[in-house]
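1. Give me the fold of what follows.
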Amino acid sequence: MKAYLANGLFSAADQLFNNYLAGILREAIPELDLYVPQENEGINDKTRYADSVMIYEGDNAYLDDAEILIAIIDGIEIDSGVAAEIGRFIAMKELMRGNASRKVYALYTDSRIQGRENEEKVNALIADGTENQFMYRNLYVVGAIKKNGKILSDIDGLIVEIREDLKNK
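-> From the prediction side, this is the model:
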(Lines give C-alpha, C1' and ligand atoms only; values in the text may rest on other atoms or scores of the structure.)
Protein backbone atom coordinates (compact mmCIF):
# COMPACT_ATOMS: atom_id res chain seq x y z
CA MET A 1 0.00 0.00 0.00
CA LYS A 2 1.37 3.39 -1.02
CA ALA A 3 1.75 6.00 1.70
CA TYR A 4 3.04 9.59 1.74
CA LEU A 5 4.71 11.21 4.77
CA ALA A 6 3.97 14.93 4.93
CA ASN A 7 6.04 17.09 7.25
CA GLY A 8 8.39 20.03 7.14
CA LEU A 9 11.81 19.01 5.93
CA PHE A 10 14.09 22.00 6.11
CA SER A 11 15.34 21.94 9.69
CA ALA A 12 17.67 19.31 11.09
CA ALA A 13 15.00 18.50 13.69
CA ASP A 14 12.36 17.84 11.01
CA GLN A 15 14.73 15.75 8.91
CA LEU A 16 15.80 13.67 11.91
CA PHE A 17 12.18 13.11 12.97
CA ASN A 18 11.15 12.19 9.42
CA ASN A 19 13.99 9.65 9.19
CA TYR A 20 13.11 8.28 12.63
CA LEU A 21 9.39 7.97 11.88
CA ALA A 22 9.96 6.51 8.40
CA GLY A 23 12.26 3.86 9.89
CA ILE A 24 9.73 2.88 12.54
CA LEU A 25 6.86 2.74 10.03
CA ARG A 26 8.83 0.71 7.50
CA GLU A 27 9.85 -1.80 10.15
CA ALA A 28 6.43 -2.04 11.82
CA ILE A 29 4.39 -2.12 8.60
CA PRO A 30 6.57 -3.69 5.88
CA GLU A 31 3.72 -3.72 3.33
CA LEU A 32 3.73 0.08 3.42
CA ASP A 33 5.42 1.61 0.37
CA LEU A 34 6.34 4.89 2.09
CA TYR A 35 7.34 8.01 0.16
CA VAL A 36 9.25 10.57 2.20
CA PRO A 37 9.79 13.78 0.20
CA GLN A 38 13.18 14.54 1.75
CA GLU A 39 14.45 11.23 0.34
CA ASN A 40 13.67 12.38 -3.21
CA GLU A 41 17.06 13.88 -3.99
CA GLY A 42 15.95 14.89 -7.49
CA ILE A 43 13.89 17.70 -5.99
CA ASN A 44 14.99 18.00 -2.37
CA ASP A 45 18.77 17.88 -2.44
CA LYS A 46 19.22 21.57 -1.66
CA THR A 47 22.76 21.59 -3.07
CA ARG A 48 21.14 21.01 -6.48
CA TYR A 49 18.49 22.98 -8.34
CA ALA A 50 14.79 22.21 -8.58
CA ASP A 51 12.29 24.96 -9.31
CA SER A 52 8.86 25.22 -7.73
CA VAL A 53 7.08 23.43 -10.57
CA MET A 54 9.55 20.53 -10.44
CA ILE A 55 8.96 20.20 -6.68
CA TYR A 56 5.18 20.44 -7.09
CA GLU A 57 5.07 17.84 -9.84
CA GLY A 58 7.67 15.59 -8.22
CA ASP A 59 5.83 15.27 -4.92
CA ASN A 60 2.38 15.11 -6.54
CA ALA A 61 3.47 12.09 -8.57
CA TYR A 62 3.58 10.21 -5.25
CA LEU A 63 0.85 12.07 -3.35
CA ASP A 64 -1.76 11.44 -6.03
CA ASP A 65 -1.05 7.67 -6.04
CA ALA A 66 -0.97 7.31 -2.25
CA GLU A 67 -3.79 5.60 -0.41
CA ILE A 68 -2.54 6.83 2.96
CA LEU A 69 -1.36 10.30 3.93
CA ILE A 70 0.56 10.52 7.19
CA ALA A 71 0.60 14.22 8.05
CA ILE A 72 2.61 15.66 10.92
CA ILE A 73 0.64 18.60 12.31
CA ASP A 74 3.01 19.63 15.13
CA GLY A 75 4.75 22.99 15.31
CA ILE A 76 3.70 26.56 15.96
CA GLU A 77 1.28 26.18 13.07
CA ILE A 78 0.61 23.32 10.69
CA ASP A 79 3.35 23.53 8.06
CA SER A 80 1.96 25.29 4.99
CA GLY A 81 3.21 22.55 2.66
CA VAL A 82 1.62 19.88 4.87
CA ALA A 83 -1.69 21.77 4.87
CA ALA A 84 -1.55 22.01 1.07
CA GLU A 85 -0.77 18.29 0.78
CA ILE A 86 -3.70 17.44 3.06
CA GLY A 87 -5.99 19.57 0.91
CA ARG A 88 -4.80 18.03 -2.36
CA PHE A 89 -4.97 14.49 -1.01
CA ILE A 90 -8.56 14.97 0.13
CA ALA A 91 -9.57 16.78 -3.07
CA MET A 92 -8.17 13.88 -5.10
CA LYS A 93 -10.18 11.48 -2.92
CA GLU A 94 -13.34 13.47 -3.62
CA LEU A 95 -12.60 13.59 -7.34
CA MET A 96 -12.25 9.82 -7.23
CA ARG A 97 -15.88 9.73 -6.04
CA GLY A 98 -15.14 9.37 -2.36
CA ASN A 99 -12.57 6.61 -2.67
CA ALA A 100 -12.84 5.31 0.89
CA SER A 101 -9.45 3.62 0.71
CA ARG A 102 -7.68 7.01 0.79
CA LYS A 103 -7.22 8.01 4.42
CA VAL A 104 -5.42 10.76 6.35
CA TYR A 105 -3.61 9.94 9.57
CA ALA A 106 -2.45 13.09 11.31
CA LEU A 107 0.19 12.81 14.01
CA TYR A 108 -0.12 15.54 16.64
CA THR A 109 2.36 14.94 19.46
CA ASP A 110 2.42 18.37 21.11
CA SER A 111 2.56 17.90 24.89
CA ARG A 112 0.10 20.75 25.39
CA ILE A 113 -2.76 18.48 24.34
CA GLN A 114 -2.36 16.80 27.72
CA GLY A 115 -4.26 17.95 30.77
CA ARG A 116 -7.56 18.76 29.10
CA GLU A 117 -9.31 17.34 32.14
CA ASN A 118 -7.36 19.63 34.49
CA GLU A 119 -9.94 22.06 35.85
CA GLU A 120 -7.30 24.65 36.80
CA LYS A 121 -6.14 24.87 33.19
CA VAL A 122 -9.67 25.08 31.84
CA ASN A 123 -10.79 27.64 34.44
CA ALA A 124 -7.69 29.77 33.82
CA LEU A 125 -8.53 29.86 30.11
CA ILE A 126 -12.15 30.80 30.82
CA ALA A 127 -11.10 33.56 33.23
CA ASP A 128 -8.35 34.95 31.01
CA GLY A 129 -8.03 34.04 27.33
CA THR A 130 -4.31 34.84 27.43
CA GLU A 131 -3.80 31.94 29.88
CA ASN A 132 -4.23 29.36 27.15
CA GLN A 133 -2.37 26.23 28.26
CA PHE A 134 -3.37 24.39 25.10
CA MET A 135 -2.39 24.52 21.44
CA TYR A 136 -4.59 25.79 18.65
CA ARG A 137 -4.82 24.02 15.29
CA ASN A 138 -6.58 25.51 12.28
CA LEU A 139 -10.13 24.16 12.56
CA TYR A 140 -10.67 23.95 8.79
CA VAL A 141 -7.68 21.62 8.46
CA VAL A 142 -8.66 19.68 11.59
CA GLY A 143 -12.18 19.22 10.21
CA ALA A 144 -10.80 18.00 6.88
CA ILE A 145 -8.61 15.45 8.66
CA LYS A 146 -11.42 14.23 10.93
CA LYS A 147 -13.82 13.84 8.00
CA ASN A 148 -11.20 11.82 6.08
CA GLY A 149 -9.23 10.05 8.76
CA LYS A 150 -7.93 10.37 12.31
CA ILE A 151 -5.72 12.54 14.49
CA LEU A 152 -3.39 10.52 16.70
CA SER A 153 -1.16 11.68 19.54
CA ASP A 154 1.62 9.09 19.41
CA ILE A 155 3.50 6.85 17.00
CA ASP A 156 2.29 3.61 18.58
CA GLY A 157 -1.32 4.68 18.09
CA LEU A 158 -0.54 5.64 14.49
CA ILE A 159 0.86 2.18 13.80
CA VAL A 160 -2.11 0.45 15.44
CA GLU A 161 -4.59 2.48 13.36
CA ILE A 162 -2.79 1.88 10.06
CA ARG A 163 -2.44 -1.85 10.76
CA GLU A 164 -6.10 -2.10 11.72
CA ASP A 165 -7.23 -0.33 8.57
CA LEU A 166 -4.95 -2.48 6.40
CA LYS A 167 -6.32 -5.62 8.03
CA ASN A 168 -9.90 -4.52 7.30
CA LYS A 169 -9.26 -3.95 3.58
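2. contacts and neighbour counts: CA atoms only from here.
-> Noted.
3. Okay, buried residues for the worst-scoring helix or strand of the chain on mean pLDDT please.
-> Within the chain, no helix or strand scores below helix 41-44, which has a mean of 82 by mean pLDDT, DSSP states H and E. Going by neighbour count (16 or more other Cα atoms under 10 Å), the buried part of helix 41-44 is 43, 44.
4. Phi, psi for the most centrally placed residue in the chain please.
-> Nearest to the geometric centre of the chain sits residue 71, at 0.6 Å (Cα atoms, centre = their mean). With angles defined as degrees, to the nearest 10, residue 71 sits at phi -110, psi 120.
5. didn't it look like it was pressed against residue 103?
-> No - under the criterion of Cα atoms under 8 Å, residue 71 makes no contact with residue 103, lying 10.6 Å away.
6. And for the one helix or strand residue 151 maps to, what's in contact with it?
-> Using DSSP states H and E, the element containing residue 151 is strand 149-152. Strand 149-152 is contacted from outside by 103, 104, 105, 106, 107, 108, 109, 145, 158, using Cα atoms under 8 Å, 6 or more residues apart in numbering.
7. now the last one: how far from residue 17?
-> For residue 158, the distance to residue 17 (Cα to Cα, to the nearest Å) stands at 15 Å.
8. Looking at the two, which has the bigger crowd around it?
-> Between residue 158 and residue 17, residue 158 has the larger neighbour count (other Cα atoms under 10 Å), namely 19 against 15.
9. Name all residues that make contact with residue 81.
-> The contact partners of residue 81, by Cα under 8 Å, 6+ apart, come to 6, 7, 8.
10. Tell me which of the contacts of strand 149-152 fall in helices.
-> Among the contacts of strand 149-152, the members found in helices (DSSP state H) are 145, 158.
11. And the furthest pair within the contacts of strand 149-152?
-> Comparing all pairs in the contacts of strand 149-152 by Cα to Cα, the longest separation belongs to 103 and 109, at 19.1 Å.
12. More neighbours: which of those two?
-> Using other Cα under 10 Å, the more surrounded residue of residue 103 and residue 109 is residue 103, with 24 against 17.
13. wait, doesn't the more buried one sit right on residue 68?
-> Yes - applying Cα under 8 Å, one finds residue 103 in contact with residue 68, separated by 5.0 Å.
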